[in-house]
Structure formats: structure tokens, C-alpha cells
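Chemist: take a look and give me a structure for this.
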Amino acid sequence: MKKTTLDTQLIKHKISVEQLVLGMYVTELDRPWLESPFLFQGFFLTTDKHIAQVQEVCNFVYIDTTRVIEKEVQFLQEEKRKEIVYPAPPKKIRTFIQEISRADRIFSKTSRLIQGFLKSVDVNQNLDIEEAKEAVDHVVHSVIKTPDALMWLTQLKNRDEYTSQHSMNVCVLSVALGRHIGLSEKELKDLGLCGMLHDMGKMLIPNKILNKPGKLEGKEIKIMKYHTVLGLKILKKSKGRVPLSVINVAYSHHERVDGKGYPRGIGQDKLTRATRIVAITDMYDALTSDRVYRKGCSHLEAIDIMTKMSGKHLDYALVLKFIECLSVYPPGSTVQLTNDEIAIVVEVNQDEKLRPKIILLLGADKKPKKEKLIDLSKREEDVGGEMYTIKRTVRPIDYGIDIMKFYNSGVIQKGFSSL
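Modeler: Numbers count the residues shown, from 1 in each chain. As a prediction, this is how the structure comes out:
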């Protein structure tokens, strides 16, 4: 892309928020980022609504005049015209602590079912689609009540069980996004099944390629891409009637909205909504998972990557709704507070997304401390008299935290019992 200036050095310019226009890049606010509702420290203004949000919070901002890009401005204006208006997400029916035990049973049982499916495919047996539908029904009913519990469980990742866990996570995340944009229960069940079975074709890819620790090359890339065709074939011959939407997603989830994906190279107009949703949730879970060849990204790193790919690889409007659905600090994410203590997010506050419910795990000295639930929306203060506030998301492994171990030791229940 050609910039409107040849100078690549950042040039800050202070302007009143009344002077903001589409395409400007806001690099600094008139207040700390943590005191604002904005997800990124630096962002393009993409819609009139986005500008209005800045005007509501700030009196003036600083823009980077080197980051006004002619083609990007044109793209943003085109996307604005195509923007879809979705209804407000529904209110939660149950709280996290009310749903977590039931969600745990659903998650465990469904994960085992998926492992069975993968083994069946590996030995050339048919899938039982009715079993899959029944499992997805339970997932949908839990997410409808509150998405926080099952979304929290998607963080309990085991690198050695990546394929089965990835299928489960994509199912949950897809249903959560579908709920957020107002899909009906029937549509959510169909979408969940799409997410659960989207990667069945990978079980027929040789392990030396599927789990290669280095970059795939030449013929290996061609073989890996063929998993979409294999997925289509597996689902077509499965026991029971597999919905066409599910077969289509297995075949098309690596297509791009700009028409540069595979296997057919078709664009957004020919991609179903379910396909565009699963493409997003598939990428997010892949980015945030540890693999044999790389460490997973943090939540904010992942959505930063996905935001840059929206409108080209991913559906622009749905990426925005997915980020909104996950929130700044999604359930299960590990965070560092401004007092340097480490905590895990358990439940999002819908009215104050920067202030979720958290459970403290480590003190400022990074040593384990007694579990304590804190609702950040209540502005509780720490022992030093400072209000508990999140500074950033972190990777749990960087602090020696095994989320699975903490969960199995009852850390959630202990945290809630501290109230």
C-alpha cells in the first residue's frame, strides 16, 4: 500500500475530537488507555460510531499523520457502507458459578465424543451424526444461559490433544458468537455442529505433516490443504443425515472473503454465514493454542492479527462482533494487575467489560496466594489502597501457571467461597 507521505517516522498531531474523520489513526488519548473503553493502544477510525465513541470519552487526541493510507481509507469507507447491524446480545440467564459444574460435564463428555469421532475417521469408520447433534444441543443450551462457563473451559488446553480440543473449542466459540449476534436456537445448533466437525479431514493427513515442527513446504502444503476435501468426503458418507451446511463448512472454512483462499478460491458473496463464523473461531483458537512448532499468542495479540486480516481474509463485521463477544478480557484469560499481582478472569461484566470478575492467583512477588474472587466493577482496593485494575493480559505459562492444574484443584470454587 502506498502511503500519502514518504516519511515513515511517527508524526503526532494534537487535534480536537471534533476534527476527527474516517481513516485517521489515533495514537494517543488525552487520558491513560486503561481509563478508556478502547481495546487497542492505537487504532484506525473505521466508522462514524467509532468516532462518536472517541468523542464521548476524550476532549482531544493525538493522531499519527504518517498512517493515513489512501487505499485503507477507501477500504474503510467501502466497509462502512457494507456494515451489518446486529441486534444487542441477549442478557445472561445464569451466572458463571451457577453454570460451571454443568458446563464442565458437557465439555468433558463432548470432548470424549469428539476424540471417538477422530479415532473412527482414522480407522475408516463412519461418524454417528446423531450423537454429534445431541452433544451440540447440550453445548447450545449452556451457552444460551451464559457463554462464560464453556468459554472458560476452552482455555484448558493440552498441546498433545490439540485436534480434538480445537474441534471442541471452535464449536463453543462459534455458538457463543452466534448467540451474540442473535441467532435462533435452531441456527445455533447447526452452527455448533459446523464448528465441531469442521476439521474431520485432518485425521487423514499424515502425522509427519500434521505435527511437523517446522514450516510446511511444497508438496506438504498441498497435502495439508487437501484436508478440506477429505472433510467433505468423510461427512458425506457418515451414518445419518449430515446437514449440507456442515459439509459446506468442512469444505470451505479456509476460503477467504477476498477470494484468495482454498480449495476453490471463492469470495465473500459465495461463503455462508456459518463458514465465515467458523473461519474466525478456527483462526482464533489456532492462534491462541500452543503447537509443536510455536507458542500460542495472547488474546490481545490474536485479535490484533485478526483485525488486520478482516476484510481480506475474514469477514469484517463478524470479526468486530467476535471481539465484542469475547470482550477485552475473556473468561479464562490470565491477567496482570496494576499492582503486579496475577489473576484469572472468570466472568465478564456486560456493562463494564474492562472490569470483569477475577480470581487472584499470584502476589506481586509471583508466589501463590490464597484464592480470592474480586468483582472489579465494585472498585475494591488492595492492601496498598490502590484500586484493583487490569494492566494487561499475559500468557499463563510465562508465570508458571498451569490452568488445568489450578482448575482441577478447585481454584474456582475456592475463589467464589471467599465472598
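
Chemist: hey, let's count contacts and neighbours off CA atoms from now on
Modeler: Fine.

Chemist: scan the protein for its longest helix.
Modeler: If you go by DSSP state H, the chain has its longest helix at helix 96-122.

Chemist: what ranges do the strands span in the stretch 201-350 of the chain?
Modeler: 334-337, 342-347 (DSSP state E, counting those that start in this stretch).

Chemist: ok so, going back, quick one: mean pLDDT for the longest helix of the chain?
Modeler: Per-region confidence: helix 96-122 scores 91 on mean pLDDT.

Chemist: which parts of that helix are buried?
Modeler: 96, 99-100, 103, 106-107, 110-111, 113-115, 117-118, 121-122 (16 or more other CA atoms under 10 Å).

Chemist: do I have it right that Leu45 meets Thr27?
Modeler: No. Applying CA atoms under 8 Å as the test, Leu45 and Thr27 come out as separate, 10.9 Å apart.

Chemist: tell me which helix or strand comes right after the longest helix of the chain.
Modeler: Remark: after helix 96-122, the chain's next helix or strand is helix 129-145, criterion DSSP states H and E.

Chemist: quick one: mean pLDDT over the next helix or strand after that following helix.
Modeler: Next helix or strand after helix 129-145 toward the C-terminus (DSSP H and E): helix 148-153. Mean pLDDT, helix 148-153: 94.

Chemist: one more: stretch 339-354?
Modeler: For stretch 339-354, the per-residue pLDDT averages 89.

Chemist: likewise for stretch 364-378?
Modeler: Per-residue pLDDT values across stretch 364-378 average out to 90.

Chemist: okay, buried residues for it please.
Modeler: So for stretch 364-378, counting by 16+ other CA under 10 Å, buried means Glu371, Lys372, Leu373, Ile374, Asp375, Leu376, Ser377.

Chemist: quick revisit: so of the strands of the stretch 201-350 of the chain, which one's packed in deepest?
Modeler: Most buried of those, by mean neighbour count (mean count of other CA atoms under 10 Å): strand 342-347, with a mean of 26.

Chemist: got the contact list for the next helix or strand after it?
Modeler: Counting by DSSP H and E, the element after strand 342-347 in chain order, helix or strand, is strand 357-362. Under the contact criterion CA atoms under 8 Å, 6 or more residues apart in numbering, strand 357-362 has outside partners 341-349, 368-377, 412, 415.

Chemist: run me through the strand neighbours of strand 357-362, direction for each.
Modeler: Sheet pairing here is set by DSSP bridges, and for strand 357-362 it gives strand 342-347 (antiparallel), strand 368-375 (antiparallel).

Chemist: now do the first one: distance to the chain's middle.
Modeler: When C-alpha coordinates are averaged (CA atoms, centre = their mean, to the nearest Å), strand 342-347 and its chain have centres 16 Å apart.
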